[in-house]
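Novice: Give me a 3D structure for the following:
(chains A and B, ligands or ions: 1)
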Amino acid sequence: MSVRLASRFDALKREGRAGLVAYVMASDPDHETCFEILRGLPTAGADVIELGFPFTDPMADGPSIQKAALRALKAGGSLTRTLDLARRFRETDKDTPLILMGYANPIESMGYAPFAEAMHACGADGVIIVDLPPEEDTALRAAFDAHGLSIIRLATPTTDDNRLTKVLDGASGFLYYVSVAGVTGANAATADAVRAAVSRLKRATQLPVAVGFGVREPEAAREIARTADAVVVGSAFVDEIAAAPGPEAVERVLRKVRILSEAVRQAREPGRAMEGTPA
Amino acid sequence: MDARRNWQDLPDAEGRFGSYGGRYVAETLMPLVLDLERAYRDAQADPAFAATMADFWTHYVGRPSPLYFAERMTEHFGAAKIYFKRDELNHTGAHKINNCLGQVLLALRMGKTRIIAETGAGQHGVATATICARLGLPCVVFMGATDIERQKPNVFRMKLLGAEVRPVTSGAATLKDAMNEALRDWVTNVADTFYCIGTAAGPHPYPEMVRDFQSVIGREARAQILEREGRLPDAVMACIGGGSNAIGLFHPFIADENVRLIGVEAAGRGIDARFEHSAAINGGRPGVLHGNRTYLLQNEDGQILEGHSISAGLDYPGVGPEHSYLSDIGRAQYLSATDDEALEAFKLCARLEGILPALEPSHALARLGDVAREVGKGGIVIMNLCGRGDKDVFTVAEALGVTL
Ligand SMILES: Cc1ncc(COP(=O)(O)O)c(C=O)c1O
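Specialist: Residues are numbered from 1 along each chain as shown, chains lettered A, B, ... in the order given. Just a heads-up that it's a prediction; the model follows:
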């Protein structure tokens, strides 16, 4: 279990607010611009960074992140270069948790043990691997445990109670609730549905619950931040890069991060703990 | 090799063939593939399911397909006796319908009301559209925009059959992108949709299920050769795209350890560092794609490569996981044939046997002489003629420089 993730979520709890998990794709639109974005994320209000590594066949992603992966690959992006960006980020920021997100094959290709070592060496904290369900992550978990790294598991609208037990067994860092059955960037779930799902998950686990998929606007982020421990936003940032894939992407993304972070920070009344949990 | 291996145990409970297979899907889909497995086990145990399949096979598909003694091919090579399993005579012109029938009947049992499929050459799309028309289910077929351009007749056939053909423009707009898009649709429409996968790949239980539905090919061939020749063949051969027609032929012979199992991959313009081929086993290495661990065409970073084959049905960067396993343990052998060799074999079969084969089995035909000579006089080889060549006449004309 990653220490950085645990202490960040503890701090958020003390502050009585939800966190913003900001996703960007490594090497999108190019390495240096991406590094500048990464470097600016904590100050702009990102509490946790999710750094995507590109894959040719992102079968759970919508058009925004598919295109981001293609831009990144075109710019020479790879898992190795993603780890390098993570290392450079860690040199500038010791505290903000950084997790990698992507698909299994680049990791398979590198090998689980070398990947875990590289993750540890560059100061990354965990991974979300879209196509590596609990049934298939035993070997990676063994490699990660040796280095105190987290495998973040996903729960979805199709996760029934039985399945949830399986998902939570070995989960660490936080639980990522995919709020809609669909691809990234699709339509958002209703506030009621998210509230019900989060309270169900909270009954089942002590882990912080982050909610993502389809969150693009401050209103939706604010709504989710009332109940969840963190809000994950990705496509909305990636779209800023798509609109201006040059150096100006840095300021565009960071501006959007500030807007969403503001919304997340203001979601709960000051001094009031999370709904549904005793203060 | 361990002669007492219990072949019936493949795959294991986790869907593994050795280290291959598995269920590498998004968490949203996990409950769905587990549910599919339960429904499939239930159908397997129900004699009524098998009876319905058998009835369609006999009266709609036209099974059993003949086992044909290819006399002039045999004379031409002057070695082992050559038999063709004539699955190109099936309704819709290929083996694909064997599997579609099984999956769509299963979808009906599960109460699903919408079928999706991916297609490359359009053969699986046409077969799915056909069964959906017959069983009254709406059908959406995902097809790469590049493939739509090069397989126009099949696109029109699907539309005539009432299917919606959705062009896929993501990635390189070919079969693997169509499969990505079908998975994206499935993850979005989890309640009502059944994903009918066209080959023996994908997450467990697909590789097993597709193999079982296609095994009618091998079961028939085994009974037919025993009746004709009073003995088993020395070798059985088939082309390998994802590997469904091959595993369907191989499987009923798998415990007959004296019968050689030979798959033929598409070597495109040659198996080398340019990756202008689709020979995942001969020119790739193990990795994870589309729900299973298997041999894949990939670069050093694990990015999937497009590959190439003159035959759209073989133009896929992966292969079904059971083939990866059979190759590793040496139970099956995987050869390859280039575009040019397949074209030559296509012409030879047309002239000697009066059969226009599809470009896919033309790859198996291209290695037939070698295998027949290895087996030698007095031996018997069965090759799966899994599709007819009508769909390919435009491609062949273009390759031969003929304007129609
Ligand atoms: C006639 C024919 N043969 C073979 C294939 C390859 O598929 P598989 O290897 O699953 O049999 C196709 C695929 O479209 C096909 O149409």
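
Novice: pLDDT below threshold where in the stretch 1-150 of chain B?
Specialist: Under the criterion of pLDDT under 70, the regions of the stretch 1-150 of chain B flagged as low confidence span B:1-5.

Novice: For it, which residue gets nearest to the ligand?
Specialist: With C-beta to the nearest ligand atom as the measure, B:Q123 is the residue of the stretch 1-150 of chain B nearest to the ligand, at 3.3 Å. Using the backbone N, CA and C atoms, a C-beta is placed for each residue, glycine as well.

Novice: So that residue sits against B:G313, correct?
Specialist: Yes: because the distance of 6.0 Å satisfies C-beta atoms under 8 Å, B:Q123 is recorded as touching B:G313.

Novice: if we can go back for a sec, residues touching the residue of the stretch 1-150 of chain B closest to the ligand, list them.
Specialist: Each residue near B:Q123 by C-beta atoms under 8 Å, 6 or more residues apart in numbering or on different chains is listed here: B:92-94, B:96, B:154, B:198, B:313, B:358, B:387, B:391.

Novice: please redo it, this time with the cut-off set to 6 Å
Specialist: Taking C-beta atoms under 6 Å, 6 or more residues apart in numbering or on different chains as the definition of contact, the neighbours of B:Q123 are B:94, B:96, B:313.

Novice: and of those residues, the nearest to B:S327?
Specialist: Here the nearest of those to B:S327, counting by C-beta to C-beta, is B:G313; it sits at 20.1 Å.

Novice: which stretches of the stretch 51-200 of chain B form helices?
Specialist: In the stretch 51-200 of chain B, helices defined by DSSP state H, counting those that start in this stretch lie at B:71-77, B:96-109, B:123-135, B:145-150, B:152-160, B:175-188, listed in chain order.

Novice: Put together JSON lines for those helices, with distance to B:V216 on each row.
Specialist: Listed next are the helices of the stretch 51-200 of chain B as JSON lines, based on distance: least, C-beta to C-beta, whole Å:
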{"stretch": "helix B:71-77", "distance to B:V216": "24"}
{"stretch": "helix B:96-109", "distance to B:V216": "6"}
{"stretch": "helix B:123-135", "distance to B:V216": "14"}
{"stretch": "helix B:145-150", "distance to B:V216": "27"}
{"stretch": "helix B:152-160", "distance to B:V216": "23"}
{"stretch": "helix B:175-188", "distance to B:V216": "24"}
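
Novice: residue contacts, residue 236?
Specialist: With no chain named, the answer covers chain A. Contacts of A:A236 by C-beta under 6 Å, 6+ apart are A:R216.

Novice: oops, I was thinking of chain B
Specialist: Applying C-beta under 6 Å, 6+ apart to B:V236 gives the contacts B:249, B:253, B:382.

Novice: Show me which strand runs longest in chain B.
Specialist: The strand that spans the most residues within chain B, counting by DSSP state E, is strand B:260-268.

Novice: Which residues of chain A lie near chain B?
Specialist: Proximity of chain A to chain B is assessed by C-beta under 6 Å from any C-beta of the partner chain, with A:56-57, A:59-60, A:66, A:78-79, A:104-106, A:108-109, A:130-131, A:133, A:135-136, A:154, A:156, A:158, A:163, A:181-183 identified as the residues in range.

Novice: and with 7 Å instead?
Specialist: Those residues of chain A that sit near chain B, judged by C-beta under 7 Å from any C-beta of the partner chain, are A:55-57, A:59-60, A:66, A:73, A:78-80, A:104-106, A:108-109, A:130-133, A:135-136, A:154, A:156, A:158-160, A:163, A:167, A:178, A:181-183, A:186.

Novice: And those, which of them are buried?
Specialist: Taking 16 or more other C-beta atoms under 10 Å in any protein chain shown as the criterion, what is buried in the residues of chain A next to chain B is A:55-57, A:59-60, A:66, A:73, A:78-79, A:104-106, A:108-109, A:130-133, A:135-136, A:154, A:156, A:158-159, A:163, A:167, A:178, A:181-183, A:186.

Novice: Narrow those residues to those in helices?
Specialist: Restricting those to those inside helices, with DSSP state H as the criterion, leaves A:66, A:73, A:79, A:104-106, A:108-109, A:163, A:167.

Novice: List the residues that contact the residue in chain B positioned nearest to the ligand.
Specialist: In chain B, no residue comes nearer to the ligand than B:G387, which is 2.2 Å away by C-beta to the nearest ligand atom. By C-beta atoms under 7 Å, 6 or more residues apart in numbering or on different chains, the residues touching B:G387 are B:88, B:93-95, B:123, B:358, B:360-361.

Novice: ok, 6 Å please
Specialist: Counting by C-beta under 6 Å, 6+ apart, B:G387 makes contact with B:88, B:94, B:358, B:360-361.

Novice: Now for the residue nearest to B:G162 when sequence neighbours are not counted, how many residues are close by?
Specialist: Spatial nearest neighbour of B:G162, chain neighbours left out: B:A133 (5.2 Å); criterion: C-beta to C-beta, 6 or more residues apart in numbering or on different chains. For B:A133, the neighbour count with other C-beta atoms under 10 Å in any protein chain shown is 15.

Novice: OK, contacts around A:G62?
Specialist: The contact partners of A:G62, taken as C-beta under 6 Å, 6+ apart, are A:183-186.

Novice: For the chain, just list every one of the strands.
Specialist: You didn't say which chain, so I picked chain A. Taking DSSP E, the strands of chain A run over residues A:19-25, A:48-52, A:98-102, A:126-129, A:150-151, A:153-155, A:175-178, A:209-212, A:230-233.

Novice: could you do chain B instead?
Specialist: With strands called from DSSP E, chain B shows them at B:16-17, B:20-24, B:67-69, B:81-85, B:114-119, B:139-144, B:164-168, B:193-195, B:235-239, B:260-268, B:285-289, B:291-296, B:332-338, B:380-384.

Novice: how about JSON lines for the strands of chain A, with distance to B:E341 added?
Specialist: As requested, the strands of chain A are exported to JSON lines (distance: least, C-beta to C-beta, whole Å):
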{"stretch": "strand A:19-25", "distance to B:E341": "42"}
{"stretch": "strand A:48-52", "distance to B:E341": "42"}
{"stretch": "strand A:98-102", "distance to B:E341": "39"}
{"stretch": "strand A:126-129", "distance to B:E341": "40"}
{"stretch": "strand A:150-151", "distance to B:E341": "47"}
{"stretch": "strand A:153-155", "distance to B:E341": "46"}
{"stretch": "strand A:175-178", "distance to B:E341": "47"}
{"stretch": "strand A:209-212", "distance to B:E341": "50"}
{"stretch": "strand A:230-233", "distance to B:E341": "51"}
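
Novice: I'd like these laid out as a markdown table, including distance to B:Y295 and mean pLDDT.
Specialist: Putting those into a markdown table (distance: least, C-beta to C-beta, whole Å; pLDDT from 0 to 100) gives the following:
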| stretch | distance to B:Y295 | mean pLDDT |
| --- | --- | --- |
| strand A:19-25 | 28 | 98 |
| strand A:48-52 | 26 | 98 |
| strand A:98-102 | 21 | 98 |
| strand A:126-129 | 21 | 98 |
| strand A:150-151 | 26 | 97 |
| strand A:153-155 | 28 | 98 |
| strand A:175-178 | 30 | 97 |
| strand A:209-212 | 34 | 97 |
| strand A:230-233 | 35 | 98 |
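
Novice: Skipping adjacent residues, who's closest to B:L368 in space?
Specialist: What sits nearest to B:L368 in space, not counting adjacent residues and going by C-beta to C-beta, 6+ apart, is B:M383, at 5.8 Å.
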